[in-house]
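Engineer: Dropping the sequence and predicted coords here.
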Amino acid sequence: MPDHLPRREVLRTAGALGLGAAAAGALSSTAVATTQAGSAAGTPDKLAAMGAHHGKLEIRKDPFGTTPEGVAVDVYTFTNGRVTISMLTWGATIQRVETPDRRGRTKNISLGFDNLPDYAALSPYFGATIGRYGNRIAKGRFTLDGTTYQIPVNNGENALHGGTIGFDKKVWKAKTVRTDDSVGVAFSYVSPDGEMGFPGELSTTVTYTLDRRDNLRIDYQATVAGKPTVVNLTNHVYFNLAGEGSGSIDDHVLELNASSYTPVDAGLIPTGEIAPVAGTPFDFNKPTPIGARLRGDHPQLIVGRGYDHNFVLGGKTDHDGLRFAARFWEPEDGRTVTVHTDQPGAQFYSGNFLDGTFLGIGNKAYRQGDAFAFETQHFPDSPNQPNFPSTVLRPGETYATTTIYTFGTK
């Protein structure tokens, strides 16, 4: 690693850490410590920057930018000395996830940007908290208690991830949360009655905490006032376990705990069928490379341009009410991410619509198949599918759900 970084890389480094110009100048005049492998952009090891060591929980807040309306956006960076998470108040967004490989070399494995304008203008929901309704609602329309509601369509003729201005484009309030075993941030947002066409005033808190065992826990909670509504919250983090911007995820191995999935029509709306995965490219009950059957002639792969489907999760729950949902493994460097959830479904998305038209944190273009997302959820279009689990939330009820991402190696 050279003693001096090029100024463009210094500014990119400073932006990624939420640092200002003075800090950027300091970086440019001193050597920057990195892990052996470094990262695609030469970003400094934030564990060293925070003075952290394995097992010590640390968190800090830095400015990240200002919206055109003058609202300040912050980045919270928290670590257990091994895994480091950076999150923005913009969209309650996971910006970076830095984890070591089997040799101890740390990289950022989450797709994202190092500046606010790119998130506002370009981001396909990179790392964002999604609401009010994750995934698609057919024609943006549903009927609840005899009243029909219209959500602005933003995905062909359908509404996707809450409409044109969803929770991913809001600046959330944030506060640090700590226990003896974990550290993180609680994000909150109040969506007024009628926002994006949804009924009722929805008060949402989503708490992200990292513990000493490399578990990133996401606790979602929401209540509605005035009118009943529909709610389906999730997070849309994109992973490449070889490192952000490192190329295709075809060789990533997936084990997915689902015996069935929900086929879709040409608009990626579920047909209502719950179909078995057995004998199809959708069967990942035995660990299988993501790319092994990705380019086959199965009609559902053609419709989705790959995997972009809701899987019906199975198996027993543990004492916390969570079940094993999936495990992803990148065999070259050995990183893994394992997902547990209490949700009935999960959308597995193989990055089919990434098109290389913008650069991420590592200053590399994200192209088709360069990342995957695994969004725990209720099923798409549930408000219009009576045979799917209900997503209705009524005044006096509490929406509460948990998902855990566990980072490791093998």
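Structural biologist: Nice, I can see it.
Engineer: In the stretch 1-150 of the chain, mark out all the strands, start to finish.
Structural biologist: 58-66, 72-79, 84-88, 93-100, 106-108, 129-130, 136-137, 141-144, 147-150 (DSSP state E, counting those that start in this stretch).
Engineer: So which elements touch the second one?
Structural biologist: What that stands for is strand 72-79. Packed against strand 72-79 by the contact rule (3 or more Cβ pairs under 8 Å, 6 or more residues apart in numbering; DSSP states H and E) you find helix 46-49, strand 58-66, strand 84-88, strand 173-178, strand 182-191. Glycine gets a C-beta too; all of them are placed from N, C-alpha and C.
Engineer: and that strand with strand 182-191, angle?
Structural biologist: Orientation of strand 72-79 against strand 182-191 (axes from the mean of the first three to the mean of the last three Cα atoms, to 10 degrees) gives an angle of 150 degrees.
Engineer: hang on, the earlier thing: out of the helices and strands packed on strand 72-79, flag the one nearest residue 198.
Structural biologist: Minimum separation from residue 198 across the helices and strands packed on strand 72-79 (Cβ to Cβ) falls at strand 182-191, 7.1 Å.
Engineer: Adjacent strands (with direction) for the closest one?
Structural biologist: strand 173-178 (antiparallel), strand 201-211 (antiparallel) (DSSP bridges).
Engineer: Could you provide these in JSON lines, with additional columns for distance to residue 325 and mean neighbour count?
Structural biologist: Formatted as JSON lines, these follow (distance: least, Cβ to Cβ, whole Å; neighbours: other Cβ atoms under 10 Å):
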{"stretch": "strand 173-178", "distance to residue 325": "24", "mean neighbour count": "14"}
{"stretch": "strand 201-211", "distance to residue 325": "18", "mean neighbour count": "21"}
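Engineer: any chance of the strands of the stretch 1-150 of the chain in a markdown table, with distance to residue 272, mean neighbour count and mean pLDDT too?
Structural biologist: Below are these laid out as a markdown table (distance: least, Cβ to Cβ, whole Å; neighbours: other Cβ atoms under 10 Å; pLDDT from 0 to 100):
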| stretch | distance to residue 272 | mean neighbour count | mean pLDDT |
| --- | --- | --- | --- |
| strand 58-66 | 42 | 16 | 98 |
| strand 72-79 | 40 | 22 | 98 |
| strand 84-88 | 36 | 26 | 98 |
| strand 93-100 | 32 | 26 | 98 |
| strand 106-108 | 40 | 25 | 98 |
| strand 129-130 | 23 | 26 | 98 |
| strand 136-137 | 14 | 26 | 98 |
| strand 141-144 | 14 | 17 | 98 |
| strand 147-150 | 19 | 13 | 98 |
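Engineer: These: which one's closest to residue 219?
Structural biologist: Nearest of the strands of the stretch 1-150 of the chain (Cβ to Cβ): strand 129-130, 11.8 Å.
Engineer: Flag the shaky bits of the stretch 51-200 of the chain, pLDDT-wise.
Structural biologist: 51-55 (pLDDT under 70).
Engineer: coming back round to it: so which of the helices and strands packed on strand 72-79 is nearest residue 380?
Structural biologist: strand 182-191 (20.1 Å).
Engineer: what comes up buried for that closest one?
Structural biologist: By neighbour count on 16 or more other Cβ atoms under 10 Å, the buried set for strand 182-191 is 182, 183, 184, 185, 186, 187, 189, 191.
Engineer: what bridges to residue 256?
Structural biologist: Applying DSSP bridges, one finds that residue 256 bridges with residue 326.
Engineer: Please determine how far it is located from residue 312.
Structural biologist: 11 Å (Cβ to Cβ, to the nearest Å).
Engineer: got it, and residue 262?
Structural biologist: As judged by Cβ to Cβ, residue 262 and residue 312 stand 7 Å apart.
Engineer: so what sits against both of these two?
Structural biologist: Shared contacts of residue 262 and residue 312, defined by Cβ atoms under 8 Å, 6 or more residues apart in numbering, comprise 274, 345, 379.
Engineer: picking up where we left off before, next, format the strands of the stretch 1-150 of the chain as a markdown table and append distance to residue 212.
Structural biologist: Output for these, formatted as a markdown table (distance: least, Cβ to Cβ, whole Å):
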| stretch | distance to residue 212 |
| --- | --- |
| strand 58-66 | 12 |
| strand 72-79 | 11 |
| strand 84-88 | 13 |
| strand 93-100 | 14 |
| strand 106-108 | 17 |
| strand 129-130 | 24 |
| strand 136-137 | 38 |
| strand 141-144 | 43 |
| strand 147-150 | 44 |
